[in-house]
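[1] From the sequence below, what's the structure:
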Amino acid sequence: MLKCSFIEGPILHRLKYGKGRGQNLAKAVGFKFNKNRTIIDATAGLGYDAFILASLGANVTLIERSEKIYDLLKAAISEAKLYGGEISKIVNRMNLLFGDSKDILPNIAPEVILIDTMYKDRKKSALVKNDMRLVREVVGSDSDHVELINVALNNASKRVVIKQPRYAETLDNIKGCSHQILGKIIRYDVYVTI
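    Predicted coordinates:
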């Protein structure tokens, strides 16, 4: 069963041992000189990246177009607010919106837009983590990701960050990125838009 929670499970381990602003996600969105960011997570999913960014001081707007995933996120945020303490402070920096990012992004003024597309092509035969498989089953294919990225590139004032598997093919119909941040499993393609 698919569940979203910010008060238990692997997200707490990542919060405690994630290397703070030294982790690749923080570098990709442009945290430096202790400057906090205003970030849009245009493909919220279970909200774990948004939670980590909020834990580092960012104000994060999560946009989710799947009603089922949106409901899971809404419940997890409510649960975390009731939990109190540091977890509550973190989720208070998260704002959840329901809808299609392609329609919402032109109406807001984001500094940074994060996109984690649902790539179906995999170079390895190993299975994706169970939660991500379940999210894919609920959300379905992400056939409009190129259109979303182009909308993001036209609306972010500072940068667009595309999160994908390290060895994923480069995206067709998208200009070349400014730079990449490579992890063991994940790659962040960073497009500086200033």
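[2] now the end-to-end length of stretch 166-185.
    Its first and final residues considered, stretch 166-185 spans 5 Å by C-alpha to C-alpha, to the nearest Å.
[3] hang on, I meant stretch 11-22
    End residues of stretch 11-22 are separated by 17 Å (C-alpha to C-alpha).
[4] How about stretch 42-59?
    One end of stretch 42-59 sits 14 Å from the other (C-alpha to C-alpha).
[5] Stretch 17-32 too?
    Stretch 17-32 has an end-to-end distance of 19 Å (criterion: C-alpha to C-alpha).
[6] what comes up buried for it?
    Buried residues in stretch 17-32, counting neighbours by 16 or more other C-beta atoms under 10 Å, are found at 18, 23, 24, 25, 26, 28, 29, 30, 31. C-beta: built from backbone N, CA, C; applies to glycine.
[7] could the residues you listed be laid out in a markdown table, adding pLDDT, secondary structure and distance to residue 92?
    Output for the buried residues of stretch 17-32, formatted as a markdown table (pLDDT from 0 to 100; DSSP: H, G, I helix; E, B strand; the rest coil; distance: C-beta to C-beta, whole Å):
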| residue | pLDDT | secondary structure | distance to residue 92 |
| --- | --- | --- | --- |
| 18 | 69 | coil | 20 |
| 23 | 89 | coil | 22 |
| 24 | 93 | helix | 25 |
| 25 | 94 | helix | 20 |
| 26 | 92 | helix | 19 |
| 28 | 94 | helix | 24 |
| 29 | 94 | helix | 19 |
| 30 | 91 | coil | 22 |
| 31 | 86 | coil | 19 |
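[8] Quick check: buried residues in the longest helix along the chain?
    In the chain, taking DSSP state H as the definition, the longest helix is helix 67-83. Residues 69, 70, 72, 73, 74, 76, 77, 79, 80, 81 are the ones in helix 67-83 that count as buried (16+ other C-beta under 10 Å).
[9] Of those residues, which is the nearest to residue 57?
    Each of the buried residues of helix 67-83 was scored against residue 57 by C-beta to C-beta, and residue 80 proved nearest at 16.8 Å.
[10] Was I right to think that closest one contacts residue 89?
    No. Here residue 80 does not reach residue 89: they are 9.8 Å apart, not a contact under C-beta atoms under 8 Å.
[11] on that earlier part again, what sits up against the longest helix of the chain?
    2-7, 44-47, 62, 64, 87-88, 90-92, 94, 96, 98, 135, 138-139 (C-beta atoms under 8 Å, 6 or more residues apart in numbering).
[12] So residue 179 sits against residue 188, correct?
    No. Between residue 179 and residue 188 there is no contact under C-beta under 8 Å: 9.1 Å.
[13] The two: who's more crowded?
    residue 188 (22 against 11; other C-beta atoms under 10 Å).
[14] Now do the end-to-end distance for stretch 171-191.
    Stretch 171-191 has an end-to-end distance of 13 Å (criterion: C-alpha to C-alpha).
[15] Stretch 15-29 too?
    One end of stretch 15-29 sits 17 Å from the other (C-alpha to C-alpha).
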